[in-house]
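Trainee: Sequence and predicted structure below; questions after.
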Amino acid sequence: MYQKNTHIRSFKGGQNNFSRPRHGGFSGGGRKMRSLPANPDLFIKKASLNTETEEYVSQNSFESFNFHPVLKSNIDYKGYKTLTPIQDQAIPYILEGRDLIGLASTGTGKTAAFLIPLIEQMSKDPKKKALIITPTRELACQIQDEFRDFAYDMKLYSSLVIGGVDMYRQIQELKRNPHLVIATPGRLKDLIRQKAIYLEDYSTIVLDEVDLMVDIGFLQDVKYFISFLPKNRQSLFFSATIPSKVQGVLQSFVNNPVTVSVKKQETSENVDQDVIRVVSGENKIETLHNLLIKDGFDKVLIFGRTKHGIEKLNRELDLRGFKVGAIHGNKRQSQRQRILQSFKASQIQILLATDVASRGLDIPNVTHVINYELPETFEDYIHRIGRTGRAGKTGCALTFI
């Protein structure tokens, strides 16, 4: 019924040649992809599961650290057996109280790299308080979930300070003097102005995903927060890259830091990348429909550019009988979390998302990522397709051209 002439091109080997700028395109530095002619070679690459890479050998192990027994038990319960490179290199320095710059992307085990040593420090000094600032609500919620798992039965408490939910309840939670506060910039700024939180009370500050904070306009807020921090503190800075705009922030934030850099492949070797050609005048939604009814499209993450476009696509797919949900900035936080949990639990087949709303999402077993609209930047494309092909499994990324 919905058969169209649009076809999926066969996979090609070789390199993606992402770095070649064409007619105002990008050269890997974050320039707009919209000005780039739709060159399919940018989005075609066969997965290389047999690619030989040098295996990382950890210098430490979870057993070798003298962690609190309950923390050790919680780490083991979560199934953590070996340290990732960022964990192996960062945890010893954080335990020593050093300031640290961690250059690592999503999916490298970065969250555990700072949470585990922070929990260990708190177990030894219950008066210690830490503040984590992260750019999106979903990232903040994921960090809190991780903290609760690692700190289970340790009488350590956290508070989530994010937009989209009742501020009064957050103010009441802050009055309980939690050990850890996880905040997004907008809501944190509101609470500072209302004198509901005092940053000078926190001895450890974590800035997470700083490059994204810059991308979505939070750089001035970060500078504002730093002006309130106590002089004597431990400062942890995590980012995939260090944009030039952040250099001044770094100088005022960290003191004699150690730098830990974990390089990650730009595109997952476990992801088949291909294009979907849509001829001018054809119905794009029909082409998408034909894909989604194929065998194997079991858990699909579809990216669009705008909140309005995502919501429109959500309504259309729902009318066509698909089990679908959407997350974007206009959704209440409770809605976003409920939809995200439904997707994780495979209660819905399709999750629609904008780049900002989906940043850092850790969702198991995503079979396909579909770029229904081209991403803004090279980095956004890499981030999008990294949602599939995880944990050693093969994934598929399809880009509409």
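Mentor: Nice, thanks for sending it over.

Trainee: Domains in the protein, by residue range?
Mentor: Domain assignment for the chain by automatic domain parsing gives 40-51+269-400, 69-261.

Trainee: Relative to N60, which of the ones you listed is closest?
Mentor: Proximity of the domains of the chain to N60 was assessed by C-beta to C-beta; the nearest stretch is domain 69-261, lying at 5.4 Å. (Glycine included, C-beta is placed from N, CA and C.)

Trainee: Now do that closest one: distance to the chain's middle.
Mentor: Taking C-alpha atoms, centre = their mean, to the nearest Å, one finds domain 69-261 lying 14 Å from the centre of the chain it belongs to.

Trainee: Between the two ends of it, what distance do you get?
Mentor: Counting by C-alpha to C-alpha, to the nearest Å, you get 30 Å between the two ends of domain 69-261.

Trainee: can you give me the mean pLDDT across it?
Mentor: Average pLDDT, domain 69-261: 94.

Trainee: And S58, what's its pLDDT?
Mentor: As predicted, S58 sits at a pLDDT of 88.

Trainee: Would you confirm that it contacts T82?
Mentor: Yes - the pair S58 and T82 passes the contact test of C-beta atoms under 8 Å, sitting 6.0 Å apart.

Trainee: what about the helices in the stretch 1-150 of the chain?
Mentor: With helices called from DSSP state H, counting those that start in this stretch, the stretch 1-150 of the chain shows them at 69-77, 85-95, 110-124, 137-150.

Trainee: Including mean neighbour count and distance to H308, could the ones you listed go into CSV?
Mentor: As requested, the helices of the stretch 1-150 of the chain are arranged in CSV below (neighbours: other C-beta atoms under 10 Å; distance: least, C-beta to C-beta, whole Å):
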stretch, mean neighbour count, distance to H308
helix 69-77, 16, 43
helix 85-95, 22, 37
helix 110-124, 22, 32
helix 137-150, 20, 19
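
Trainee: what about these, which gets the closest to S203?
Mentor: Nearest of the helices of the stretch 1-150 of the chain (C-beta to C-beta): helix 110-124, 9.0 Å.

Trainee: hmm, who's touching that closest one?
Mentor: For helix 110-124, the external contacting residues (C-beta atoms under 8 Å, 6 or more residues apart in numbering) are 65, 67-68, 70-71, 75, 80, 84, 86-87, 90-91, 94-95, 102, 104, 128, 130, 132, 142-143, 146-147, 150-151, 154, 156, 179-180, 204, 206, 208, 236, 238.

Trainee: How about L352: what's its closest non-neighbour residue?
Mentor: Closest residue to L352 apart from its sequence neighbours, by C-beta to C-beta, 6 or more residues apart in numbering: A326 at 4.1 Å.

Trainee: could you pull out the strands for the stretch 251-400 of the chain?
Mentor: Secondary structure of the stretch 251-400 of the chain (DSSP state E, counting those that start in this stretch): strands at 258-261, 271-276, 300-303, 324-327, 350-353, 368-371, 395-400.

Trainee: List the strands paired with the third one, with their directions.
Mentor: Note on strand 300-303: by DSSP bridges, its sheet partners are strand 350-353 (parallel), strand 368-371 (parallel).

Trainee: Tell me which of those strands is the most buried.
Mentor: Most buried of the strands paired with strand 300-303, by mean neighbour count (mean count of other C-beta atoms under 10 Å): strand 350-353, with a mean of 25.

Trainee: Just the residues contacting that one, thanks.
Mentor: By C-beta under 8 Å, 6+ apart, the residues outside strand 350-353 that reach it are 292, 300-304, 310, 313-314, 317, 322-328, 339-340, 343, 361, 363.

Trainee: Need the phi and psi values for D211.
Mentor: phi -60, psi -40 (degrees, to the nearest 10).

Trainee: give me the number of residues near it?
Mentor: Other residues near D211 number 19, with proximity taken as other C-beta atoms under 10 Å.

Trainee: gap between it and K72?
Mentor: D211 sits 33 Å away from K72, taking C-beta to C-beta, to the nearest Å as the criterion.

Trainee: What of D362?
Mentor: Relative to K72, and taking C-beta to C-beta, D362 is found at 23 Å.

Trainee: what distance separates stretch 334-343 from the centre of its chain?
Mentor: Its chain's average C-alpha position is 16 Å from that of stretch 334-343, according to C-alpha atoms, centre = their mean.

Trainee: Please apply the same query to stretch 275-289.
Mentor: Centroid displacement of stretch 275-289 relative to its chain, using C-alpha atoms, centre = their mean, is 29 Å.

Trainee: can you dump the C-alpha coordinates of that stretch into CSV?
Mentor: Extracted in CSV, the C-alpha atoms of stretch 275-289 (Å, rounded to 0.1, in the frame of the first residue of the first chain):
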residue,chain,number,x,y,z
VAL,A,275,21.4,7.2,3.0
ILE,A,276,17.7,7.3,1.9
ARG,A,277,17.2,9.2,-1.3
VAL,A,278,14.0,11.2,-1.4
VAL,A,279,13.3,12.6,-4.9
SER,A,280,11.9,16.1,-5.0
GLY,A,281,8.1,16.0,-4.9
GLU,A,282,7.9,12.6,-3.2
ASN,A,283,6.1,12.2,0.1
LYS,A,284,8.8,11.9,2.7
ILE,A,285,6.6,10.5,5.4
GLU,A,286,5.6,7.7,3.1
THR,A,287,9.2,6.8,2.6
LEU,A,288,9.7,6.8,6.4
HIS,A,289,6.6,4.6,6.9
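
Trainee: List the buried residues in it.
Mentor: Buried positions in stretch 275-289, judged by neighbour count with 16 or more other C-beta atoms under 10 Å: V275, I276, V278, E286, T287, L288, H289.

Trainee: Flag the least confident of the residues you listed.
Mentor: For the buried residues of stretch 275-289, the pLDDT minimum is V278, 88.

Trainee: re the thing from before, could I get the helices of the stretch 1-150 of the chain as a markdown table with distance to K189?
Mentor: Shown next, in a markdown table, are the helices of the stretch 1-150 of the chain (distance: least, C-beta to C-beta, whole Å):
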| stretch | distance to K189 |
| --- | --- |
| helix 69-77 | 32 |
| helix 85-95 | 26 |
| helix 110-124 | 22 |
| helix 137-150 | 14 |
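
Trainee: Of all the ones you listed, which one comes closest to P230?
Mentor: helix 110-124 (15.9 Å).

Trainee: and the residue lying closest to F322 once chain neighbours are set aside, what pLDDT?
Mentor: Excluding its sequence neighbours, the residue lying closest to F322 (C-beta to C-beta, 6+ apart) is I350, at 5.7 Å. The per-residue pLDDT reported for I350 equals 97.
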